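>>> this is a predicted model, with the sequence first.
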Amino acid sequence: MSAVSGEAKLIERKFPLAEINAIAEYETAFLKLMPRELREKIKELVGVSEIKFSDPPKIRSIMYYPARRPSSAARAVTLAAALGEGTELKSFMEALGFGELERRAQRDKIFVPLYAIDPDRELVAKLLGRDPKNVVVVDPMAGGGSIPLEALRLGFATIAGDYNPVAYLLLRATVEFPAKYGRKLYELVEEEARKMIEYARAELGRYYSEDDKCYIFFRAAHHDCGRVLPLARTSALNRKRGIYISFEYDKQAKAPAPKISDRQPPPLTTCPYCGRAVSEKALQAKWVERHVKLLEALLSGDENAADRVAEVYLLAAVKREGKGRHGGYRLPSPEDLERLREAARELARMAGSGELHSLIPLAPIPAGNEVFEGVREAGLRYWYQLYNPRQLLALAKLTAYVRQRAEELRGEHGELGAAAALYLALALLKLVIDYNNMLTMWHSERQIIVNVSGGQYALGRSVRLGYDFCEAVSYVTLLWALEAEEGEEGGEAEDSEETRGGILPVLKLLYSSLEGLWREGVDGVYLWDATRLDDALPRSSVDIVHVDPPYYDQHDYSGITEFFWVVLQQALLPVLDQLFPKERVKIDWSPYDPEIPRRLEVRGGPPKEVGALSAFGTKISAFLRAAANVLKTDGLLVMWYAYGKLQGWEELFYRFYESGYKVTKTWQVWSESRQRFIASLTKAFLTSIVIVARPNAERARLADPDDPDFRNDVKRAVSQTLEYVLARYGPANLREALVTALADGFSVATRYELLTLAEDLVFQTHYRRLAEAALRAAVDAVLEHLAALAGARTLSVGALDAASRLYTFLLLAADDDMRVSYDFANRVAQALRSPALSSLIRGEQGGTALLAPPDVIPMVAARAAHALIRDLLDTALRYGLRAAEDRAREADRQTAALAYYYASFCWRKLGLPLEQRDTVLNTLSGVLR
Ligand SMILES: C[S@@+](CC[C@H](N)C(=O)[O-])C[C@H]1O[C@@H](n2cnc3c(N)ncnc32)[C@H](O)[C@@H]1O
Ligand SMILES: [Zn+2]
């Protein structure tokens, strides 16, 4: 590896990749859906064959935030970036908490994920050789806070910020407050939680019936004939058991009457009253109009408007606790409808007395909000219009409550009181956002409410008005959202305690591990713009910048969080000044603004093609430069990269280059749940990578990108990585090894510069030529290294025809079904100057290319090698091993070597029978020796 200023860090040399990936995967998985393979991996990891898997509270349960990273991986990456290269991996793992994890597994036969175990801070200090508080770790785009949370737990001086006020509050709630106030905070919140639940029950209980769980509504509007029709596409309540809702259209009734049916009713194409055609779009528009008018009337204090409630929101079914007849569903009763009307009347009364308007989000949905664009286009212009009257009532009452308590708590406890109010507001948010708005949906397979963040937003990054929506019983939901402990403590089995995803159990976990670690004036959480980090922090003051930035337009952070912000802001009105003190706010924005300052967000679409640049990238460059200014000379920047598109990967490395960094190491660390990760594997080869870089790089100068020194440097980087990963973990981790090796080889381009081009030529051109040459050399290096490793040393990679080289490499990179990312394959083909990819693949689908079987491809060497394998198998079968050995001897060495190579690494992918593999390896190894 080329020179690194000062001592290299552990992460630039070694990292317990497979262990951390398994742990991270466990953290992101849902226990109930955990793949068998992962269970086995974990058992192996801790060396215990019979083990119980525990599911302690998840940090994400405190509040939804997009793109949260597994905190156990964040911990490992930070520590590896702080320790020197000489650190023993074993001590490193022990310091991370693996020791404790293993002990618990072996002693108690229970697997506790790493995030629920504290790191060994004494050992951290010892390995570091100094007080960890002297190591400054900054996460400038900290979002949900995985990185700073773990940096603080390790004992480092921890500074985190985000431009987004929701993230900023979440960072304070997740990291700062539990650390600063510890148990005191927890107890206060717990007490407050009980009071809030009491209040909710008393104030809201009468608007629901005791043992209902959820109400399922359809929107309804008037047809041309003046009769009310439901807007419904599917009306499944429980698909598995065949429980549906259909409607009876009685000419006397004001609205169609729901009934439970055992089959899906046909879609409504003609009106059952007048027989004319029904246009969904027209009905939708009418519904919006009625809904908006109804809310306006109620908000003007008109109690009579409440009578229309049941016609605008058609209550179709009520889900009760438990199963029972009809799977626990019942039809709405007249009392149900009366309760709905009563809630609407109360809303109107509150409006009439003037107390309502400051309690609900009256602010407009900003035109710049892309997530809610569809909703706006449908005609809903204000945030409060995303709720039905009863939902709005619950929102208003609870907002009023939190606001009042916030004021009182602040008076009594100062900042601690404001902090306590923040958790109450987060609980309110959980209730409102997840269960009580009209963008929810009923999940007819799992019998649950699909919330906005996990449903519409997760699926399409945008939100629309659907057909059905749900409403939960608000005070019951609050009970869940807070999850205050019922009864006495769980005793020793506490770790394995199942939680239902409430806030208090998370807070307990947080304060237990963070209490006492906060040092005011050293640690900090800021509302800032990372591209101006050097305005906020002193120059040369930071040891590690550890960042997980947005990736192009993958998420619309401001878009989705604005929905949350307008609720938070109103509930926390009296304590906004405590929560956003001047010294914490580094951007030009006021917490009284209902709009998120989206103009600051590092965000934008990817470049149109490989080699082009994007506006997003320009911001990343600005950020990287600002980060270079605050980093110490031997400081490290570590960045997570979790993006699928190849253009992004190429641009990002260029941005490092452009901003004066050199990339010293990469690792493929899994950062998302397995399901999503696996899905992206074949679409994107180089994803989920941690990139380690150093600023102010001095670069070696080159006359020619094919310079042998440069190529050798690439080869060294590739070999070191492959050797390290494969020697440690074997071929089971070939994929991680390949990705990391290739990225490492590719990053060598950031350590050189070209002399040949005139200064005024686009700088990017220099880099592109280097990057291309690096990729070419890296592919060769991978092939050569693996050849040596397999003992097929006689394979001369350089002598292979370009297409066979490409094919062989793609075969290595492909999954077991011979699929590989199309973009990636194309890019490698280009770098290898290989003829058209099209002759090597059978086709492309959804971004993945399907490799053609070797017997149909025109590639000389690859095809010959495959033919040889077939021949050997055939001969051995018919005439015995000796005859096969003779055949092997007749083959030319290059073909034999390549065949050996395929047998070593690609056997299964080639669809050959596993039990015959040794035959081929044995016959060939004789001649290759
Ligand atoms: C991928 S998320 C971080 C997630 C986090 N690592 C976690 O585990 O929860 C990226 C974050 O960058 C923030 N961000 C975007 N532009 C920013 C800017 N200019 N300054 C500060 N933060 C920014 C976004 O608000 C978002 O929270
Ligand atoms: Zn009609």
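Nice, thanks for sending it over. Ligands and ions are numbered 1, 2, ... in the order given.

>>> regarding Val567, what is its secondary structure?
helix (DSSP: H, G, I helix; E, B strand; the rest coil).

>>> quick check: it touching Leu398?
No. Val567 lies out of contact with Leu398 (C-beta atoms under 8 Å); the separation is 9.5 Å. (Each C-beta comes from the backbone N, C-alpha and C, glycine too.)

>>> who has more neighbours, those two?
Taking other C-beta atoms under 10 Å, Val567 and Leu398 do not tie; Leu398 has more neighbours (28 against 23).

>>> doesn't that one lie inside a helix?
Yes. Counting by three-state DSSP, Leu398 is part of a helix.

>>> check the gap between it and Leu392 for me.
Distance of Leu398 to Leu392, computed by C-beta to C-beta, to the nearest Å: 11 Å.

>>> same check, this time on Glu890
Glu890 is 84 Å from Leu392, by C-beta to C-beta.

>>> of these two, which one has the most company?
Higher neighbour count among Glu890 and Leu392: Leu392, with 27 against 11, using other C-beta under 10 Å.

>>> hmm, Leu295 and the more buried one touching each other?
Yes. The criterion here is C-beta under 8 Å, and Leu392 meets it with Leu295 at 7.4 Å.

>>> overlap in contacts, those two.
Tyr384 (C-beta atoms under 8 Å, 6 or more residues apart in numbering).

>>> on the pLDDT front, check Gln675 for me.
We have a pLDDT of 56 for Gln675.

>>> let's have the chain start at 542 instead
Will do, 542 is the new start, and the previous item becomes Gln1216.

>>> now do the SS call for the nearest residue to Leu927 once chain neighbours are set aside.
Leaving aside its sequence neighbours, Leu927 sits nearest to Asn978 (C-beta to C-beta, 6 or more residues apart in numbering; 5.0 Å). Recorded secondary structure, Asn978: coil (three-state DSSP).

>>> ok, now Tyr606?
Using three-state DSSP, the secondary structure recorded for Tyr606 is coil.

>>> quick one: contacts for it?
Counted by C-beta under 8 Å, 6+ apart, Tyr606 has contacts 684-685, 707-708, 711, 1102.

>>> again, only this time at 6 Å
684-685 (C-beta atoms under 6 Å, 6 or more residues apart in numbering).

>>> so where's the stretch 992-1141 of the chain uncertain?
Where the stretch 992-1141 of the chain drops to pLDDT under 70, the residues are 1026-1040.

>>> now do the helices in it.
Remark: helices assigned in the stretch 992-1141 of the chain by DSSP state H, counting those that start in this stretch are 999-1001, 1015-1023, 1044-1055, 1074-1077, 1098-1112, 1117-1120.

>>> Leu1392 contacts Asp1357, doesn't it?
No. Using C-beta atoms under 6 Å, Leu1392 is not in contact with Asp1357; the gap is 11.4 Å.

>>> more neighbours: those two, which one.
Taking neighbours as other C-beta under 10 Å, Leu1392 and Asp1357 compare with Leu1392 leading, 22 against 8.

>>> next, the residue nearest to Leu927: phi, psi?
Per-residue torsions, Asn978: phi -150, psi 170 (degrees, to the nearest 10).

>>> tell me the confidence at the residue of the stretch 1292-1441 of the chain found nearest ligand 2?
Using C-beta to the ion, the closest approach of the stretch 1292-1441 of the chain to ligand 2 is made by Gly1387 at 42.2 Å. Looking at Gly1387, its pLDDT reads 83.

>>> how about the nearest residue to Leu579, chain neighbours excluded?
In space, Leu579 is closest to Glu566, 5.7 Å off (C-beta to C-beta, 6+ apart).

>>> which of the three states applies to the one you found?
helix.

>>> how about Met1180?
Once three-state DSSP is applied, Met1180 turns out strand.

>>> wait, it sits on Ile1232?
Yes. Counting by C-beta under 6 Å, Ile1232 is a contact partner of Met1180 at 4.8 Å.

>>> ok, now which ones touch the residue nearest to Asp843 when sequence neighbours are not counted?
Spatial nearest neighbour of Asp843, chain neighbours left out: Ala889 (5.8 Å); criterion: C-beta to C-beta, 6+ apart. Each residue near Ala889 by C-beta under 6 Å, 6+ apart is listed here: 839, 842-844.

>>> go on, Pro681?
Residues counted as contacts of Pro681 (C-beta under 6 Å, 6+ apart) are 702, 1071, 1074, 1088.

>>> do I have it right that the last one meets Val1179?
Put plainly, it is Val1088. No. Taking contacts as C-beta under 6 Å, Val1088 lies outside contact range of Val1179: 7.2 Å.

>>> neighbour count: these two, which is higher?
Using other C-beta under 10 Å as the criterion, Val1088 and Val1179 rank with Val1179 on top: 25 against 21.

>>> quick one: low-confidence parts of this structure?
Across the chain (using pLDDT under 70), the flagged ranges come out as 542-547, 1026-1040, 1214-1224, 1297-1304.

>>> just checking: what are the partner strands of the one helix or strand Thr1205 maps to?
Using DSSP states H and E, the element containing Thr1205 is strand 1203-1209. Looking at strand 1203-1209 with DSSP bridges, its partner strands are strand 1230-1235 (antiparallel).

>>> now do the partner strand: distance to the chain's middle.
Its chain's C-alpha centre and that of strand 1230-1235 lie 19 Å apart, by C-alpha atoms, centre = their mean, to the nearest Å.

>>> give me the contact list for that strand.
Contacts for strand 1230-1235 (C-beta under 6 Å, 6+ apart): 552-553, 618, 1178-1182, 1197, 1202-1210, 1284.

>>> how about that strand as PDB, C-alpha atoms only?
Once non-C-alpha atoms are left out, strand 1230-1235 reads as follows in PDB (Å, rounded to 0.1, in the frame of the first residue of the first chain):
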ATOM      1  CA  ILE A1230     -18.900  -0.200   1.100                       C
ATOM      2  CA  VAL A1231     -17.000   1.600   3.800                       C
ATOM      3  CA  ILE A1232     -14.400   3.900   2.300                       C
ATOM      4  CA  VAL A1233     -11.400   5.100   4.300                       C
ATOM      5  CA  ALA A1234      -9.700   8.200   3.000                       C
ATOM      6  CA  ARG A1235      -7.000  10.700   4.000                       C
END
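
>>> ok, and for that strand, which residues are buried?
1230-1235 (16 or more other C-beta atoms under 10 Å).

>>> please tell me how far Gln1095 sits from Tyr1184.
6 Å.

>>> looking at these two, which is more packed in?
Of the pair Gln1095 and Tyr1184, Tyr1184 is the one with more neighbours under other C-beta under 10 Å, namely 23 against 17.

>>> from Lys754, how far out is that one?
In terms of C-beta to C-beta, Tyr1184 sits 39 Å off from Lys754.

>>> try Tyr1092
Noted for Tyr1092: a distance of 38 Å to Lys754, by C-beta to C-beta.

>>> which residue does the stretch 892-1041 of the chain bring closest to ligand 2?
Closest point on the stretch 892-1041 of the chain to ligand 2, by C-beta to the ion, is Tyr1008, at 18.7 Å.
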